[in-house]
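A.B. asks: need a structure here:
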Amino acid sequence: MSISGNKIFNKTVKSWIAYDAGNSAFATTVVAAFFPIFYLQYWASPMPELQASVYYSWALVISNVSILLTGPIIGAVTDLNQSTKKSLTVLTLISIFFVGLLYFVEAGSWLPALAFFVVANYCFCVAQIPYDKILTKISTPDNFSVISNQGYAWGYFGGGLLFIVNALMSINPSSFGLASQAEAIRVSFLMVSVWWLIFLLPLLFNYKDSKNAHKSQNSIAQSVKNIISTFKSVYKYKNAFIFLIAFFLFIDGAHTVVYMASTFALNLGLETSSIIQALILVQIVAFPATLIWGYVAANYGDKLVLYITIISYICIIIYSTTLSNALEFYLLAAWVGCVQGGIQGSSRGLFGKLIPQEKAGEFYGLYNVMGRAGAILGPAMVGGLLALYGNVRIALLPIAILFILGGLLLTRVKNEIA
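C.D. replies: Numbers count the residues shown, from 1 in each chain. The predicted structure is shown next:
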């Protein structure tokens, strides 16, 4: 895919950014907000809340282990067969379908709800591999960081906008012609599916894979061989692999905060309305904050952004042990909103500068796998400590260690341009 002229934000780049505004609705409305809340209070209502929280944690582990086992292969296949667009489309449509199925799951049916969520979350995460790869096809390394942060910023805006509508529906369902809060939340899952599909369309129309595609009848086997060859040549891509290990460590904490925030708040005794308001605050703060991080990354480097956000997350985790009321949770949410887009955008932008472009799918497969592999450890730690001690404050503290180790290893990444 060629880049037209010197214009950074051409039609294809804008279409790529638009997709983030669509799939972020899943991350916000489903993952961060309504699924964990609705799961605990509606689908898993017959069982104790702590037990339901443990099952939810392990559902995340299952989803992320699946990503760990298949992500690099899927990424390598897109390199081999030039099937980036097709892979993104198929995975996104599957996720959209299973999100929509959540509308039909009745109260008390916690197992089907978890199963549909696991499939939707798996496809959402794996679709990120071809999506991230497209960044390297539509721009140049010097613009990766600013475009990456723009993607996350508009993702927060788009996902946040739909979430505000969904939140208002859940707070006052009768104003929207709905019978109850439960019906409003179920309808919200359908709305996420439609919203995501709409924002997928511009990228489908405006991005085309290379015409130099060569089909392979043994593409999976060949992809595995390519991955093994890459690992055997690790010395050639030293900075990229050092970064991947650091990323594995520090992004674990960021993902765990997103996935477990609502569960954490509910276990502290906060009202559902307070949690929803805090999540709206995250979206409102994250949009301008992520745009600012993009400017900082473009002018002062991605590593500075990552150092600042890693230190901030450590402070956030320490602060979370002191929470006792909704106001303090709002402050925590605003703080997370300030740094979340920065750590995500600059990680993706920096990694794009460290990898060989002809292996972008393979490397972004590894990148997303390392991110999700870290997300196995975090929820597993939280779920295990919750089961042992029943104290959510204790369960969150060890995550700070992962941020510290990731930040220290990041100092070993010697340059930003491959």
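
A.B. asks: following the strand or helix carrying residue 36, which helix or strand comes up?
C.D. replies: If you go by DSSP states H and E, residue 36 is part of helix 35-38. Where DSSP H and E defines the elements, the next helix or strand beyond helix 35-38 is helix 49-81.

A.B. asks: Which strands and helices lie in contact with that following helix?
C.D. replies: Using 3 or more C-beta pairs under 8 Å, 6 or more residues apart in numbering; DSSP states H and E, the elements in contact with helix 49-81 are helix 84-101, helix 110-138, helix 219-232, helix 238-267, helix 360-389. Just so you know, the C-beta spots here come from the backbone N, C-alpha and C atoms, and that holds for glycine as well.

A.B. asks: Can you list the buried residues in it?
C.D. replies: 52-61, 63-64, 66-68, 70-81 (16 or more other C-beta atoms under 10 Å).

A.B. asks: That helix vs helix 360-389, what angle?
C.D. replies: Interaxial angle, helix 49-81 versus helix 360-389 (axes from the mean of the first three to the mean of the last three C-alpha atoms, to 10 degrees): 170 degrees.

A.B. asks: All further residue positions should be reported with the first residue as 38.
C.D. replies: From this message on, residue numbering opens at 38, which makes the last subject helix 86-118.

A.B. asks: and helix 86-118 with helix 275-304, angle?
C.D. replies: Using the same axes, to 10 degrees: helix 86-118 against helix 275-304 is 150 degrees.

A.B. asks: Secondary structure class of residue 44, three-state.
C.D. replies: Following DSSP: H, G, I helix; E, B strand; the rest coil, we place residue 44 in the coil state.

A.B. asks: Pull the contacting residues for it.
C.D. replies: The contact partners of residue 44, taken as C-beta atoms under 8 Å, 6 or more residues apart in numbering, number zero.

A.B. asks: what's the distance between it and residue 173?
C.D. replies: According to C-beta to C-beta, to the nearest Å, residue 44 stands 18 Å off from residue 173.

A.B. asks: coming back round to it: nearest to residue 56, out of the helices and strands packed on helix 86-118?
C.D. replies: The closest of those to residue 56 is helix 147-175. By C-beta to C-beta, the value is 6.4 Å.

A.B. asks: and that closest one, which residues are buried?
C.D. replies: Within helix 147-175, the residues that count as buried by 16+ other C-beta under 10 Å are 147, 150-175.

A.B. asks: Kindly report the same for stretch 175-191.
C.D. replies: For stretch 175-191, burial by neighbour count (16+ other C-beta under 10 Å) applies to 175-176, 178, 180-191.

A.B. asks: How far off centre is the strand or helix carrying residue 228?
C.D. replies: Taking DSSP H and E as the definition, residue 228 sits inside helix 218-243. Centroid separation for helix 218-243 versus its chain: 17 Å, with C-alpha atoms, centre = their mean, to the nearest Å.

A.B. asks: Equivalent analysis for stretch 84-95, please.
C.D. replies: Distance of stretch 84-95 from its chain centroid, counting by C-alpha atoms, centre = their mean, is 22 Å.

A.B. asks: Please apply the same query to stretch 103-114.
C.D. replies: Remark: stretch 103-114 is offset 16 Å from the chain centroid, using C-alpha atoms, centre = their mean.

A.B. asks: Over to stretch 112-130?
C.D. replies: 18 Å.

A.B. asks: Pull up the distance across it, start to finish.
C.D. replies: This stretch, stretch 112-130, spans 18 Å end to end (C-alpha to C-alpha, to the nearest Å).

A.B. asks: Residue 431: neighbour count?
C.D. replies: Using other C-beta atoms under 10 Å, residue 431 has 14 other residues around it.

A.B. asks: tell me the contacts of it?
C.D. replies: By C-beta under 8 Å, 6+ apart, the neighbours of residue 431 are residue 422.

A.B. asks: how much space between it and residue 422?
C.D. replies: On the measure of C-beta to C-beta, residue 431 and residue 422 end up 6 Å apart.

A.B. asks: One more: residue 184?
C.D. replies: Counting by C-beta to C-beta, the separation of residue 184 from residue 422 is 39 Å.

A.B. asks: ditto for residue 330
C.D. replies: Taking C-beta to C-beta as the criterion, residue 330 is separated from residue 422 by 31 Å.

A.B. asks: Residue 67 too?
C.D. replies: 25 Å.

A.B. asks: So for the two, which residue has more residues nearby?
C.D. replies: Between residue 67 and residue 422, counted using other C-beta under 10 Å, residue 67 has the larger neighbour count: 27 against 19.

A.B. asks: Run a quick neighbour tally on residue 355.
C.D. replies: For residue 355, using other C-beta under 10 Å, the count is 12.

A.B. asks: Do I have it right that it meets residue 438?
C.D. replies: No: assessed by C-beta atoms under 8 Å, residue 355 is found out of contact with residue 438, at 11.8 Å.

A.B. asks: Against which helices or strands is the host helix or strand of residue 370 packed?
C.D. replies: Secondary structure assignment for residue 370, by DSSP H and E: helix 363-391. Secondary-structure packing of helix 363-391 (3+ C-beta pairs under 8 Å, 6+ apart): helix 147-175, helix 178-208, helix 275-304, helix 309-337, helix 339-357, helix 397-426.

A.B. asks: a markdown table please, covering those helices and showing distance to residue 136.
C.D. replies: Putting these into a markdown table (distance: least, C-beta to C-beta, whole Å) gives the following:
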| stretch | distance to residue 136 |
| --- | --- |
| helix 147-175 | 5 |
| helix 178-208 | 12 |
| helix 275-304 | 16 |
| helix 309-337 | 17 |
| helix 339-357 | 28 |
| helix 397-426 | 18 |
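
A.B. asks: Of these, which is nearest residue 449?
C.D. replies: helix 275-304 (5.1 Å).

A.B. asks: give the contact list for residue 384.
C.D. replies: Taking C-beta under 8 Å, 6+ apart as the test, what residue 384 contacts is 284, 288, 339, 343.

A.B. asks: Name the helix or strand of this protein that has the lowest mean pLDDT.
C.D. replies: Least confident helix or strand of the chain, by mean pLDDT, DSSP states H and E, is helix 256-269 with a mean of 62.

A.B. asks: got the helices and strands packed on helix 86-118 as CSV, with distance to residue 200 columns?
C.D. replies: Conversion of those to CSV gives the following (distance: least, C-beta to C-beta, whole Å):
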stretch, distance to residue 200
helix 121-138, 14
helix 147-175, 16
helix 256-269, 37
helix 275-304, 13
helix 397-426, 21
